[in-house]
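J.: I would like the atomic coordinates for the input below:
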Amino acid sequence: MLHDLNLSIGGIDARLNRRYQRLVKQHMTPPALLASAVKDLACAQKTTFATTQAVWRFFNNERISFSQLNEPIISLALRQVALSPHPYAPVVHDWSHLQFRTHNGKEERLKMTHGGDVGYELQTSLLLDAANGLPI
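T.: Now for the predicted structure:
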């Protein structure tokens, strides 16, 4: 079923679309729930440097925006929710504070509560099937 999903993004080249689909589908595969899709992408590379370069290029490609990366996933989620007999779908949220006080190389760090409290806020959500509680 997952292999048949159309998760392509319009307006980008085929190679970037293949990488995107591979990353998303790896995260959706039940036996690999804890395995990183970046690791799967990395396995296709021959050296550590090539792996780093491939992942960096994918996540920093100016031809694709963050919202474009989300469009196919949101579309799929909406289709799956529509198939449910329930009028709602629970969403589990997690909010984490990642502190990088001494990591001066990370220029985009945010000041949180005071000058010494710098880092990132990471928010993630998981859409669940109301019938069985499994991730959609």
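
J.: what's residue 125 in contact with, if anything?
T.: Neighbouring residues of residue 125 by CB atoms under 8 Å, 6 or more residues apart in numbering: 91, 92, 93, 94. For the C-beta atoms, the positions are set from N, CA and C on the backbone; glycine is no exception.

J.: and the helix or strand containing it, what's buried?
T.: Element membership of residue 125, judged by DSSP states H and E, is strand 118-127. Judged by neighbour count using 16 or more other CB atoms under 10 Å, the buried positions of strand 118-127 are 118, 119, 127.

J.: dump those residues to JSON lines, plus pLDDT and distance to residue 62.
T.: Formatted as JSON lines, the buried residues of strand 118-127 follow (pLDDT from 0 to 100; distance: CB to CB, whole Å):
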{"residue": "118", "pLDDT": "81", "distance to residue 62": "26"}
{"residue": "119", "pLDDT": "81", "distance to residue 62": "25"}
{"residue": "127", "pLDDT": "91", "distance to residue 62": "29"}
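
J.: circling back to that earlier point, make a markdown table out of the contacts of residue 125 and add distance to residue 79, pLDDT and secondary structure.
T.: As requested, the contacts of residue 125 are exported to a markdown table (distance: CB to CB, whole Å; pLDDT from 0 to 100; DSSP: H, G, I helix; E, B strand; the rest coil):
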| residue | distance to residue 79 | pLDDT | secondary structure |
| --- | --- | --- | --- |
| 91 | 16 | 93 | strand |
| 92 | 20 | 94 | strand |
| 93 | 22 | 93 | strand |
| 94 | 24 | 91 | strand |
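
J.: list just the nearest of the buried residues of strand 118-127 to residue 11.
T.: Proximity of the buried residues of strand 118-127 to residue 11 (CB to CB) peaks at residue 127, which lies at 25.6 Å.

J.: what about the residue nearest to residue 118 when sequence neighbours are not counted, neighbour count?
T.: Spatial nearest neighbour of residue 118, chain neighbours left out: residue 109 (4.4 Å); criterion: CB to CB, 6 or more residues apart in numbering. Close neighbours of residue 109, defined as other CB atoms under 10 Å, add up to 17.

J.: what of residue 16?
T.: Neighbour tally, residue 16, other CB under 10 Å: 16.
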